[in-house]
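**Student:** just coords:
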């Protein structure tokens, strides 16, 4: 029987939420630290299914990991070469582990099998593998061509030094290449073929690589130049920012409820593109206050939540939250340029459309957009399916702030990035 949680209609009290660490930064940092020539203490590391898969993989690859306290770990870098040259790695549905590890292992060469849950085997990886082949890697598909599971073998040093890669499916493919190619010690030029989506996630990668001693020349997100002789050297201590995508649910809660909700762990200097979500809330009626280590959102009494028509390519994960915020606007809303939703933990455009209809909305799906018309009255006690997708569960919790109760199936799917989400959300209630 499917486990579920019923959220009664609620008002919120002024609250402060300490965010869990960023998934994107946590897994990138773990891999870069493991590949460094020294030890690095990582603080505020996210504890979640995705980071657990990365930690398991690094252990299997021979990396010494020294837990210090909850959220703190010392990674003893292996100098750009994993001690274990053969491993069978199960990576669940963790794209932030699967894609970068694929590239790093392919560049280093060895005997590695990478696989995951059935949904991971439906998430495309062909564009990354094509680029790795050009760089001289031997990566083979063990099932359907273009998709995991993968077998990685030795690498030829006769590969090209100019690598084309498509960027219109997932920015994680480019992130994976950028992080892996310095392990060769050679100079490379990566050239984008067509549009690069989700550029803010590439900014995270480039800023973290710089913190680990590798500077990448970025020519307008079309050409990326990696220097010869590069190697990773970790900072002695690195703090992981709070997760800006996870912040979106609480910031939206401040807009929908009107109560001031403050998230800590991110602020005006964050390296995560999803902090731009707060700017989008400001455009539709939110009061937003920025600090060095916090963002706070509220809404004045009498201020309506305004409808929107947004190109959301710059905030693909946080934009899901806006799909539920649309229900509060009383008018048609659109989110555009979100084709990457189709290849995430589930087909998020289809899933979001199906579940919004359950609360009474009229929804039109497009290949790369979703158009939402809220109902005059929301359907109470709608039973929301979550598709083993953490963001579906967290997004639809916000329906309970719109005057109706809602039932969320499989609430534990939030363990992917935010295991305590529903406890934290309950603490906001007045």
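**Tutor:** All right, it came through fine. Here the structure is a predicted model, which means the values were calculated and not measured.
**Student:** name the SS class of residue 131, please.
**Tutor:** helix (DSSP: H, G, I helix; E, B strand; the rest coil).
**Student:** how near is it to residue 29?
**Tutor:** In this view, residue 131 and residue 29 are 23 Å apart by CB to CB, to the nearest Å. (C-beta placed from N, C-alpha, C; glycine too.)
**Student:** report the mean confidence score over stretch 56-74.
**Tutor:** Stretch 56-74 shows a mean pLDDT of 98.
**Student:** let me fix that, I meant to ask about stretch 211-223.
**Tutor:** Stretch 211-223 shows a mean pLDDT of 98.
**Student:** where does the residue lying closest to residue 213 once chain neighbours are set aside fall, phi/psi-wise?
**Tutor:** Spatially, and ignoring its direct neighbours in sequence, residue 213 is nearest to residue 233 (4.2 Å; CB to CB, 6 or more residues apart in numbering). Main-chain dihedrals, residue 233, degrees, to the nearest 10: phi -130, psi 120.
**Student:** and residue 233, what does it touch?
**Tutor:** By CB atoms under 8 Å, 6 or more residues apart in numbering, the contact list for residue 233 reads 36-38, 212-213.
**Student:** which helices and strands does the one helix or strand residue 179 maps to pack with?
**Tutor:** Using DSSP states H and E, residue 179 sits in helix 171-180. Judged by 3 or more CB pairs under 8 Å, 6 or more residues apart in numbering; DSSP states H and E, helix 171-180 is in contact with helix 23-34, helix 95-108, helix 126-134, strand 162-166, strand 188-193, helix 199-211, strand 223-226.
**Student:** check residue 156 and give its pLDDT.
**Tutor:** 89.
**Student:** my read: it touches residue 133, true?
**Tutor:** No - assessed by CB atoms under 8 Å, residue 156 is found out of contact with residue 133, at 10.1 Å.
**Student:** hmm, who's touching the helix or strand where residue 383 lies?
**Tutor:** Taking DSSP H and E as the criterion, residue 383 maps to strand 382-384. Strand 382-384 has contacts (CB under 8 Å, 6+ apart) with 4, 355, 358-360, 392-393, 396, 399, 404, 406-409.
**Student:** just the contacts of residue 233 now: which is nearest residue 280?
**Tutor:** Nearest to residue 280 out of the contacts of residue 233 is residue 212 (CB to CB; 31.2 Å).
**Student:** OK, contacts around the closest one?
**Tutor:** 32-33, 36, 232-235 are the contacts of residue 212 under CB under 8 Å, 6+ apart.
**Student:** buried only: go through the contacts of strand 382-384 for me.
**Tutor:** 355, 358-360, 392-393, 396, 399, 404, 406-409 (16 or more other CB atoms under 10 Å).
**Student:** what's the end-to-end length of stretch 12-23?
**Tutor:** Start and end residues of stretch 12-23 are separated by 27 Å (CA to CA, to the nearest Å).
**Student:** quick one: average pLDDT of it?
**Tutor:** For stretch 12-23, the mean per-residue pLDDT is 97.
**Student:** and residue 65, how far is that from residue 54?
**Tutor:** Here residue 65 is placed at a distance of 10 Å from residue 54 (CB to CB).
**Student:** please say which of the two ends up with more neighbours.
**Tutor:** Per other CB atoms under 10 Å, whichever of residue 65 and residue 54 has more neighbours is residue 54, with 27 against 16.
**Student:** OK, contacts around the spatially closest residue to residue 400 that is not a sequence neighbour?
**Tutor:** Once flanking residues are discounted, residue 400 sits nearest to residue 7: 3.8 Å by CB to CB, 6+ apart. Shown in contact with residue 7 (CB under 8 Å, 6+ apart): 397, 399-400, 405-408, 425.
**Student:** and which of the residues you listed is nearest to residue 267?
**Tutor:** Distances from residue 267 to the contacts of residue 7, taken by CB to CB, are shortest for residue 425, at 21.8 Å.
**Student:** for the helix or strand harbouring that closest one, packing partners?
**Tutor:** Using DSSP H and E, residue 425 sits within helix 421-427. Packed against helix 421-427, as judged by 3+ CB pairs under 8 Å, 6+ apart, are the following elements: helix 244-257, helix 390-397.
**Student:** picking up where we left off before, closest to residue 346 among the contacts of residue 212?
**Tutor:** residue 32 (28.9 Å).
**Student:** just give me the neighbour total for the closest one.
**Tutor:** By other CB under 10 Å, 27 other residues sit near residue 32.
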